[in-house]
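**Q** need a structure here:
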Amino acid sequence: MLKFVVLADIHLVPEGKLSHGLDTYDRLEQAVSYVNEVHGDADFVVFAGDLADRGEAEAYARFKTAISPFAMPTYLTLGNHDQRPTFLEVFPGTENSETGCMDHVIDQDGQRIIVLDSSEPDLWGSGQLSAAQISWLRARLAEVPDTPVVIVLHHNITPFSVQTDFIILEENAAFAEAVLSQGNVRQVISGHVHMTTSGNYRGVPFCTFAGAHYNIDPMMVDKSGPVPTEPGRYVSPVPRREGPGQLAVVLCDADSVVVHMENFLDRHLVLAPDLFAWS
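**A** The predicted model follows:
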C-alpha cells in the first residue's frame, strides 16, 4: 500500500511577523514533528501550495529550514499566495521543464500521483492551469491507462456555495475533461478553501482539507457577505478559527483510495474579525 501525506496553506511570513495573528512558522514546525512521529512510515509528503503568505524570499527560506527535518521525500507545488519567480530563487531548478511550473509525477507501489501547480497571482486568488499544463496532464494520464492515479493541486475544482467561490480553479471544465480522458483518476485533493469538503464535479471525485492556517466556518453565500464597519472599510462575517491545523493522510492500493483528514493542532477558537478587515 502507498501512503503519503498532503499539507497545504502554510502561509509563512518573514521572521518576527504573524499571519492574521498566527505564528505560521510554529504551526509548520508542529506539522513536521507530527508527521515524523505519527506517520514516519509515509512514503513522501506533498505540499499543495500557499507555502508563503506574500511570496517573500525570506518566507521561502524559512520554509526550507522548517521542512528539513522531514524523514521522507517532499514534493512542492504553489498556490495563489505564492510567487513562482521568488520561490525558484530559493528552490532553483525544481520546476517542470515542459510546463515551467511546479508540476510533478510520482510513480510508486503501482500508483501514479500527479502534482499540479495552479498558481497565478495576477488573478487575485483564483487558480489557473495553462494549455501546456492541461496537455501535459493528458499525456501523463495516457501513459498509464491501467494505473490508479491521484491528483493533488492547490485550488478547488468546483464552487461550494460559499464566499470563496470566485477564487476556484478557472479551467475546471477543461481540467475535468482531461481527468476523465482515461478513467484512471481515483481522487483529486486540494487545499485553498481552509475547510474540509468532499464531492464530485462532472464525474471527478474530489476532497479538500482545512490546511495548516486558520480554518473557515462554511456559510452559504446568501447568508454572508462583506460588512462595512466604516466608509471604505469592510470585514467578513464568516467565522475564522485558529484551528484545527489539518493535514491529509492518503492510503492507496489496487482497489481504493482513502483520505484521512487529521488534525495536528486541535484548537478551534474564533479569531477576531478585525484580523481580516480590508479597505
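
**Q** which residue ranges of the stretch 101-250 of the chain form helices?
**A** When assigned using DSSP state H, counting those that start in this stretch, the helices of the stretch 101-250 of the chain occupy the ranges 131-143, 172-179.

**Q** output the below-cut-off pLDDT ranges for this protein.
**A** Residues of the chain meeting the criterion pLDDT under 70: 222-226, 278-279.

**Q** before we move on, the earlier item: residue 164 is nearest to which of the helices of the stretch 101-250 of the chain?
**A** Shortest distance between residue 164 and the helices of the stretch 101-250 of the chain, using C-beta to C-beta, is found for helix 172-179: 14.0 Å. (Glycine included, C-beta is placed from N, CA and C.)

**Q** correct me if wrong: residue 150 contacts residue 248.
**A** No: contact between residue 150 and residue 248 fails when scored by C-beta atoms under 8 Å: they sit 10.5 Å apart.

**Q** identify the contacts common to these two.
**A** Common contact partners of residue 150 and residue 248 (C-beta atoms under 8 Å, 6 or more residues apart in numbering): residue 189.

**Q** for residue 74, give me the backbone phi and psi.
**A** The phi/psi pair for residue 74 (degrees, to the nearest 10) reads phi -130, psi 150.

**Q** from residue 5, how far off is it?
**A** Plainly put, residue 74 is 10 Å away from residue 5 if you go by C-beta to C-beta, to the nearest Å.

**Q** ok, those two, which is more surrounded?
**A** Per other C-beta atoms under 10 Å, whichever of residue 74 and residue 5 has more neighbours is residue 5, with 24 against 14.

**Q** look up how far residue 91 lies from the more buried one.
**A** In terms of C-beta to C-beta, residue 5 sits 19 Å off from residue 91.

**Q** again, but for residue 184
**A** 30 Å.

**Q** do the same with residue 100
**A** Plainly put, residue 100 is 14 Å away from residue 91 if you go by C-beta to C-beta.

**Q** for the stretch 51-200 of the chain, which segments count as strands?
**A** Using DSSP state E, counting those that start in this stretch, the strands of the stretch 51-200 of the chain run over 74-77, 104-108, 111-115, 149-152, 185-190, 197-201.

**Q** present those as CSV; the columns should include distance to residue 24.
**A** As requested, the strands of the stretch 51-200 of the chain are exported to CSV (distance: least, C-beta to C-beta, whole Å):
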stretch, distance to residue 24
strand 74-77, 16
strand 104-108, 24
strand 111-115, 22
strand 149-152, 21
strand 185-190, 19
strand 197-201, 22
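
**Q** just give me the neighbour total for residue 265.
**A** By other C-beta under 10 Å, the residues close to residue 265 number 17.

**Q** for residue 256, that is, sorry about that
**A** If you count neighbours by other C-beta under 10 Å, residue 256 ends up with 11.

**Q** hang on, the earlier thing: out of the strands of the stretch 51-200 of the chain, which is the most enclosed?
**A** The highest average neighbour count among those, using mean count of other C-beta atoms under 10 Å, belongs to strand 149-152 at a mean of 24.

**Q** who are the packing partners of that strand?
**A** strand 111-115, strand 185-190 (3 or more C-beta pairs under 8 Å, 6 or more residues apart in numbering; DSSP states H and E).

**Q** looking at the protein, which residue lies furthest from center?
**A** residue 231 (34.5 Å; C-alpha atoms, centre = their mean).

**Q** for residue 259, name its beta-bridge partners.
**A** residue 250 (DSSP bridges).

**Q** my read is that it contacts residue 188, right?
**A** No: taking contacts as C-beta under 8 Å, residue 259 lies outside contact range of residue 188: 10.4 Å.

**Q** spit out the residues that contact the two alike.
**A** Going by C-beta under 8 Å, 6+ apart, residues that sit against residue 259 and also against residue 188 are residue 207.
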